[in-house]
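Enquirer: Sequence below, structure please.
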Amino acid sequence: MSTATQTVGGPAAPRHDRRRIGVGVIGFGWLGQAHSRSLMRIPTLFADRGFDAELVVCGDTAPERREQAIGSFGFARAAADGRAVVEDPAVDVVFIAAPNMLHVELVEAAAAAGKHVFCEKPLATTVSAAEEMAELALDAGIVNQVGLVLRRSPAFLMAAHLIGAATAGRLMSVVMRDDQFIPIQGHYSSTWRADRNLVGAGTLLEHSIHDVDMLHLFGGPIERVSAHTTNFHGHDGIEDVASATMRFAGGALATLTSVWHDNLARPSLRRVELFAERRHVVIDGDDWFGPVAWTDHDGGGGTLAGDELDAEVAALHDAGPNPDGAFVRCVQLGLPATPDLATAVAAHRVVEAMYVSAARDGTTVTVVS
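Expert: Reported below is the predicted structural model:
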């Protein structure tokens, strides 16, 4: 963000009602707006507890986005500098949706100010920076959460539940394909993900860190990886196809194919096949509402999708599928949030090992634990 501060809207007001959490959002592109819409639904989500979130200040370098934040989303004010958001006395929690390279300095500023942090994934462009961010949050004692939102996906939660059941037997194999149109077009309305100085790398770090996190959920720690990457779009340092094989500590194997293409009809889709000794589980299509289908060794099984799937997994998450609402709830109750920054570090280490392997033409690399 710019170092020059430009603030619009009214002055900050003193805070009294701690049930109403003051929110600052840094970065008001597609993700920042998505978080803001989600936060606006919190009064409905937690009406029985009186919890609420107030959109206090938005930080973005683009004047038109600052105006949109106030005029269309109801923020009290806006600033051109992310640090102004952190330093606003009416802000209790900071949502960071700025380009990846800015995450470290913004988390550092929030931790120093004692502000709780929700940081978009990936945490940073390097493992060491991600580790530093997790340590900063831990040392500051702030509630922290990372945008690995598939941990609240009904489809993935149901698949993890099915494959983790004792009746399924041991996990043997995971086959995952993740594809989306390269996010410098369409509803993203930005081009910074084509600049390695801002994003760090391509589809593996920026998008499929979600997938690596889900592989951990399914099978536990990943010990070894072998990977290849390639670049069709020609953006320097931005791989748009990645293929990797992995070995879990428990002996299962996994393959991951991640693709950034130009088919705008496919904004973000996943197919996941999980094979256990006595159960086969498939997620196909929508990575939130399924369908999820399974077949058991005795011929039994089923399919769940949409509202039926959502209702079935309601008991598997503690605060509903809205990750923003869950985070605010944790802040208001003084509870740890999940997934936290430390959880994301594990996925970063696997992704880093994949990049090392790809640079060595697919040589097997041991993941640093």
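Enquirer: Looks like Asn197 contacts Leu102 (just checking).
Expert: No: the pair Asn197 / Leu102 is not scored as a contact, 11.1 Å apart, by Cβ atoms under 8 Å. Where you see a C-beta, it was placed from the backbone N, CA and C, and this is true even at glycine.
Enquirer: Just want to know which of the two has more residues nearby.
Expert: With neighbours defined as other Cβ atoms under 10 Å, Asn197 and Leu102 compare such that Leu102 has more, 16 against 12.
Enquirer: Now do the contacts for Thr295.
Expert: 279-280, 301 (Cβ atoms under 8 Å, 6 or more residues apart in numbering).
Enquirer: May I ask which helix or strand encompasses it?
Expert: strand 290-296 (DSSP states H and E).
Enquirer: For that strand, buried residues please.
Expert: Neighbour-count burial for strand 290-296 flags 290-294, 296 (criterion: 16 or more other Cβ atoms under 10 Å).
Enquirer: from the middle of its chain, how far away would that strand be?
Expert: Strand 290-296 has its C-alpha centroid displaced from the chain centroid by 24 Å (Cα atoms, centre = their mean, to the nearest Å).
Enquirer: one step back: okay, the buried residues of strand 290-296 in TSV with distance to Ala311 and pLDDT next?
Expert: Shown next, in TSV, are the buried residues of strand 290-296 (distance: Cβ to Cβ, whole Å; pLDDT from 0 to 100):
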residue	distance to Ala311	pLDDT
Gly290	12	94
Pro291	14	97
Val292	13	98
Ala293	17	98
Trp294	17	98
Asp296	22	98
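Enquirer: filter the contacts of Thr295 to the buried ones?
Expert: Buried among those (16+ other Cβ under 10 Å): 279-280.
Enquirer: Identify, from the contacts of Thr295, the entry nearest to Ser243.
Expert: His280 (22.5 Å; Cβ to Cβ).
Enquirer: Model confidence score at the residue of the chain most remote from its centre, please.
Expert: Seen from the C-alpha centroid of the chain, the residue lying at the greatest distance (Cα atoms, centre = their mean) is Asp298, 37.0 Å away. With respect to pLDDT, Asp298 has a value of 96.
Enquirer: Check the one 5 residues further on too.
Expert: The model reports Thr303 with a pLDDT of 98.
Enquirer: What's opposite it in the beta bridge?
Expert: Here Thr303 sits in beta bridges with Ala293, as judged by DSSP bridges.
Enquirer: What residues of the lengthiest helix in the chain count as buried?
Expert: If you go by DSSP state H, the chain has its longest helix at helix 341-359. Using 16+ other Cβ under 10 Å as the test for burial, helix 341-359 gives 341-358.
Enquirer: for stretch 161-171, how far is the first residue from the last?
Expert: 12 Å (Cα to Cα, to the nearest Å).
Enquirer: which parts of it are buried?
Expert: For stretch 161-171, the neighbour count (16+ other Cβ under 10 Å) marks 161-163, 168, 171 as buried.
Enquirer: Ok, stretch 89-106 next?
Expert: For stretch 89-106, by 16+ other Cβ under 10 Å, it's 90-104, 106.
Enquirer: And these, which is closest to Asp60?
Expert: When the buried residues of stretch 89-106 are compared against Asp60 (criterion: Cβ to Cβ), the nearest one is Ala98, at 8.4 Å.
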